[in-house]
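Chemist: with the input below, show me the fold.
(4 chains)
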Protein chains: 2
Amino acid sequence: MARTVDHNKPASIKDVAVLAQVSVPTVSRYLNSPERVSREKRDRIAKAVKLLRYRPNPIARALVKERTKTIAVLSTNTTLFGQSQTIFGIEERAQKAGYTLNIGVLSPEAGEQSRQRIQSILDQNPAGIVLLDYDQVSDDAFAYVNKDLPIILIAGNRKSDVTQISMQERDGGYAVTSYLLGLGHKTVYHVSIPGGAGGYSRLAGWRSACEDAGVPAPAPIKADWDPESGKRIGSALGRKPEVTAIFAGNDEIGMGIIRGLNDVGRRVPEDVSVAGFDDHPIAKIWNPSLTTIHQDFFKAGEKAFDLLKTEIDDVDQGRGRTDDWNRLVELPGHLIERESTGVPRS
Amino acid sequence: MARTVDHNKPASIKDVAVLAQVSVPTVSRYLNSPERVSREKRDRIAKAVKLLRYRPNPIARALVKERTKTIAVLSTNTTLFGQSQTIFGIEERAQKAGYTLNIGVLSPEAGEQSRQRIQSILDQNPAGIVLLDYDQVSDDAFAYVNKDLPIILIAGNRKSDVTQISMQERDGGYAVTSYLLGLGHKTVYHVSIPGGAGGYSRLAGWRSACEDAGVPAPAPIKADWDPESGKRIGSALGRKPEVTAIFAGNDEIGMGIIRGLNDVGRRVPEDVSVAGFDDHPIAKIWNPSLTTIHQDFFKAGEKAFDLLKTEIDDVDQGRGRTDDWNRLVELPGHLIERESTGVPRS
DNA sequence: CTGAAAGCGCTTACAG
DNA sequence: CTGAAAGCGCTTACAG
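Modeler: Numbering: from 1, shown residues only, chains lettered A, B, ... in the order given. Have a look, this model is predicted:
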């Protein structure tokens, strides 16, 4: 008689062994390396597995293997464009490989708090870690992660002895600034996103492009993540007639800036050129559509999982940490010219 | 001599027992209900725990308790505004309560695929589930979740025997449509988001408001998640002079529509009023700023965790499933009037 | 190829 | 209040 199996206790490896008339270790072997089990028993076990709807308990397996099939993803504010896209990319690949994501949000609070958060996630024995090193908070967090575990960093300043995906943000900042300068602007103002002002940042690229072009780099202005802050800054900059080109640390800030400029009667791009960064889905429908550096965060996430997987395989196959664990993979962005930038009015 | 503890095998409950000169079960009692351990041994154990930097292995605990301290979060495209905000809210509360998030992304693929994905996540014995029931795919997924586990649904059509948070989207759709009609528009066009056209949807509210006002409801137009689709639709609608008011299924689509209208020479709100839904951070800096229904997704996430936690406590304290497990909690949005809507030109 | 035994790190009755 | 024993569901040597 058929029973509603779902509501009962799930079958264990022992149940399968009994039904298939083999020992528990044989079932275990069948599960992990079937070729080590005789054809005949293989069939019997297969039948039992099917009949009992047996699924191995990943927790029991994790207890003995000291490793789960989950990936710890450490990130600050997961609602931001770059973060959410990256996580989505990691998940996509992880899912296909049978891994699950364990998300830990890093808050800007004290270090000790952050350390404990990370610790509690690592206590769950993830197979590996992806750290979204998109700002200062996440960069600080690197100190707390277990360096023995497979780990991939995305972005951030270059660390040693760890595999890292660089999105070449510095180059992107350099490219967009040079582009603006090439259009004939006397200089480019920069409105920066919070956090990472390290040597590999968008800001660093902007500064470097100004230097290389021999133009003065005005003091950068700090925005926060809310586009509203861009709006305020845009209005303020709009009141200075000498401002003809602005490079915003990200598209949302850039859009806010344009709105702020409009509010004080400055047109974009006729009076002021504005460029953003990231290629947010709204950038291309903004009015005027926003010139920006396209960044492929989704791909960075996919790549991060793929790289992590090779390290996990190193561990699984007993190779341990290999020389490959400190690669630097580059995923450069590229300039997309749209309506928000143009030559300055002479 | 101090050793670099971090790189050694972490201390187990046995190590603590030996050092504190008590039995393993006593340490276990100390960990779970210290009041059951004598003052003296409590101190000895505390010292040993500290000295060895002991942290209980959550996996071993999960094996016997058949439950981990993780919450399974099931959602479609986690990069979308509502989804990412909600997840962020869940995480915030979960973190404080010592829970960790296990994210499972639901894809629009075949049901069997989805079932397996959910199964593999449930196999990891989460303490509970939060299902973001924001569209058809997630609504279908409900069939596959284990009904014995604590679970909270956010949004979606009302199910029976499950606690659900309603964001009252139908009411929101009704409110914004009525508002537009109240401004004097002859009717309101609706551009809908993908998925959920159920009885509790934004679309249902729009239709109902039109009916109640006795105005004809033009056939709704389907957009997809990319704001670019809104732009195309906006241009198309802009070519019809009879269109004076549009209600977009979300803000991104609304922004796309405005851009599309502008492209064919229609001004907003002078020629056409456009309203969105959600109150996306960019809505308020869009030019013109977008009238919308504010939805508090973050709060919905927080609330979801809190409700889930009470169910988890029911289970932990042996009460099992109680009558409270089928509550309906309402989290209504509200209209925010901004620049993108106005009275029609007479 | 296969099974009996031991063990992963905990918790839960059960005596005392 | 406390410890010896058993057990959660697996995997890993070890014999044969």
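
Chemist: how about the closest residue to A:A283 other than its chain neighbours, phi and psi?
Modeler: In space, and not counting its chain neighbours, A:A283 is closest to A:L290: 4.0 Å by C-beta to C-beta, 6 or more residues apart in numbering or on different chains. Using the backbone N, CA and C atoms, a C-beta is placed for each residue, glycine as well. Main-chain dihedrals, A:L290, degrees, to the nearest 10: phi -100, psi 120.

Chemist: check the secondary structure at the spatially most central residue of chain A for me.
Modeler: Nearest to the geometric centre of chain A sits A:T86, at 3.7 Å (C-alpha atoms, centre = their mean). Secondary structure state of A:T86, per DSSP: H, G, I helix; E, B strand; the rest coil, is helix.

Chemist: that one contacts A:F298, doesn't it?
Modeler: Yes - here A:T86 reaches A:F298: they are 7.1 Å apart, a contact under C-beta atoms under 8 Å.

Chemist: count the neighbours of A:T322 for me.
Modeler: Neighbour count of A:T322, defined by other C-beta atoms under 10 Å in any protein chain shown: 11.

Chemist: then A:G318?
Modeler: Other residues near A:G318 number 6, with proximity taken as other C-beta under 10 Å.

Chemist: so it is in which element?
Modeler: A:G318 is part of no helix or strand, with elements assigned from DSSP states H and E.

Chemist: ramachandran coordinates for it?
Modeler: Torsion angles at A:G318 (phi, psi; degrees, to the nearest 10) stand at phi 70, psi 10.

Chemist: ok, now which ones touch A:Q124?
Modeler: Residues in contact with A:Q124 (C-beta atoms under 8 Å, 6 or more residues apart in numbering or on different chains) are A:T68, A:T70, A:A72, A:N102, B:P58, B:I59, B:T68, B:T70, B:T100.

Chemist: show me which of those residues is closest to DNA strand D.
Modeler: Distance to DNA strand D across the contacts of A:Q124 (C-beta to the nearest atom of the strand) is lowest for B:I59, with 9.1 Å.

Chemist: quick check: which element contains that closest one?
Modeler: Using DSSP H and E, B:I59 falls in helix B:58-65.

Chemist: mind listing residues that contact that helix?
Modeler: A:N57, A:I59, A:A60, A:A62, A:L63, A:T68, A:D123, A:Q124, A:N125, B:T68, B:K69, B:N125.

Chemist: try it again with 6 Å
Modeler: A:I59, A:A60, A:A62, A:L63, A:D123, A:Q124, B:T68, B:N125 (C-beta atoms under 6 Å, 6 or more residues apart in numbering or on different chains).

Chemist: okay, now the residue lying closest to A:R239 once chain neighbours are set aside: neighbour count?
Modeler: Using C-beta to C-beta, 6+ apart and skipping residues adjacent in sequence, the residue nearest A:R239 is A:V264, 5.9 Å away. Using other C-beta under 10 Å, A:V264 is surrounded by 12 other residues.

Chemist: residues near the closest residue to A:P10 other than its chain neighbours, how many?
Modeler: Sequence neighbours aside, A:R55 is the residue nearest to A:P10 in space, at 6.7 Å (criterion: C-beta to C-beta, 6+ apart). By the criterion of other C-beta under 10 Å, A:R55 has 13 neighbours.

Chemist: now do the SS call for A:R55.
Modeler: Classified using three-state DSSP, A:R55 is coil.

Chemist: okay, and A:K159 sits in which element?
Modeler: Using DSSP H and E, A:K159 falls outside every helix and strand.

Chemist: cool, A:W206 as well?
Modeler: Using DSSP H and E, the element containing A:W206 is helix A:202-213.

Chemist: let me know whether A:G156 touches A:S138 as I believe.
Modeler: No - A:G156 lies out of contact with A:S138 (C-beta atoms under 6 Å); the separation is 7.1 Å.

Chemist: quick one: name the residues of chain A near DNA strand C.
Modeler: A:22-26, A:29, A:35-38, A:40-41, A:60, A:63-64 (C-beta under 7 Å from any atom of the strand).

Chemist: for the residue nearest to A:A283, give me its contacts.
Modeler: A:D251, A:G254, A:G276, A:A283, A:R338, A:S340 are the contacts of A:L290 under C-beta under 6 Å, 6+ apart.

Chemist: ok, now how distant is the residue nearest to A:S84 when sequence neighbours are not counted from DNA strand D?
Modeler: Nearest in space to A:S84, with sequence neighbours left out and distances taken as C-beta to C-beta, 6+ apart, is B:T79 at 4.3 Å. In this view, B:T79 and DNA strand D are 35 Å apart by C-beta to the nearest atom of the strand, to the nearest Å.

Chemist: need the three-state assignment for B:T79.
Modeler: B:T79 ends up coil, using three-state DSSP.

Chemist: over to it: give its phi and psi.
Modeler: Note on B:T79: backbone dihedrals following degrees, to the nearest 10 are phi -90, psi -10.

Chemist: can you pull the pLDDT of it?
Modeler: Looking at B:T79, its pLDDT is 96.

Chemist: that one contacts A:I87, doesn't it?
Modeler: No - B:T79 is beyond contact range of A:I87, at 8.0 Å (criterion: C-beta under 6 Å).

Chemist: these two: which is more packed in?
Modeler: Using other C-beta under 10 Å as the criterion, B:T79 and A:I87 rank with A:I87 on top: 27 against 21.

Chemist: so what's that one up against?
Modeler: By C-beta under 6 Å, 6+ apart, the contact list for A:I87 reads A:V73.

Chemist: which parts of the helix ranked longest in chain A are buried?
Modeler: Counting by DSSP state H, the longest helix found in chain A is helix A:297-316. By 16 or more other C-beta atoms under 10 Å in any protein chain shown, the buried positions in helix A:297-316 come out as A:297-298, A:300-305, A:307-309, A:311-312, A:314-315.

Chemist: what is the mean pLDDT for that helix?
Modeler: 95.

Chemist: how much space between A:D279 and chain B?
Modeler: As judged by C-beta to the nearest C-beta, to the nearest Å, A:D279 and chain B stand 13 Å apart.

Chemist: so that residue sits right up against A:D296, yeah?
Modeler: No - A:D279 is beyond contact range of A:D296, at 8.6 Å (criterion: C-beta under 6 Å).

Chemist: of those two, give the one with the bigger neighbour count.
Modeler: Set A:D279 next to A:D296 and count neighbours by other C-beta under 10 Å: A:D279 wins out with 24 against 19.

Chemist: turn the contacts of A:L290 into JSON lines, including pLDDT.
Modeler: Listed next are those as JSON lines, based on pLDDT from 0 to 100:
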{"residue": "A:D251", "pLDDT": "98"}
{"residue": "A:G254", "pLDDT": "98"}
{"residue": "A:G276", "pLDDT": "98"}
{"residue": "A:A283", "pLDDT": "98"}
{"residue": "A:R338", "pLDDT": "98"}
{"residue": "A:S340", "pLDDT": "98"}
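
Chemist: what is the burial count for A:K186?
Modeler: 12.

Chemist: the one 5 residues further on now?
Modeler: When neighbours are defined as other C-beta under 10 Å, A:V191 has 25 of them.

Chemist: got it, and the one 4 residues further on?
Modeler: Using other C-beta under 10 Å, the number of residues around A:G195 comes to 18.

Chemist: wasn't it part of a strand?
Modeler: No - per three-state DSSP, A:G195 lies outside any strand segment and is coil.

Chemist: hmm, back to that, redo the contacts of A:L290 as CSV? Include secondary structure.
Modeler: Formatted as CSV, these follow (three-state DSSP):
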residue, secondary structure
A:D251, helix
A:G254, helix
A:G276, coil
A:A283, coil
A:R338, coil
A:S340, coil
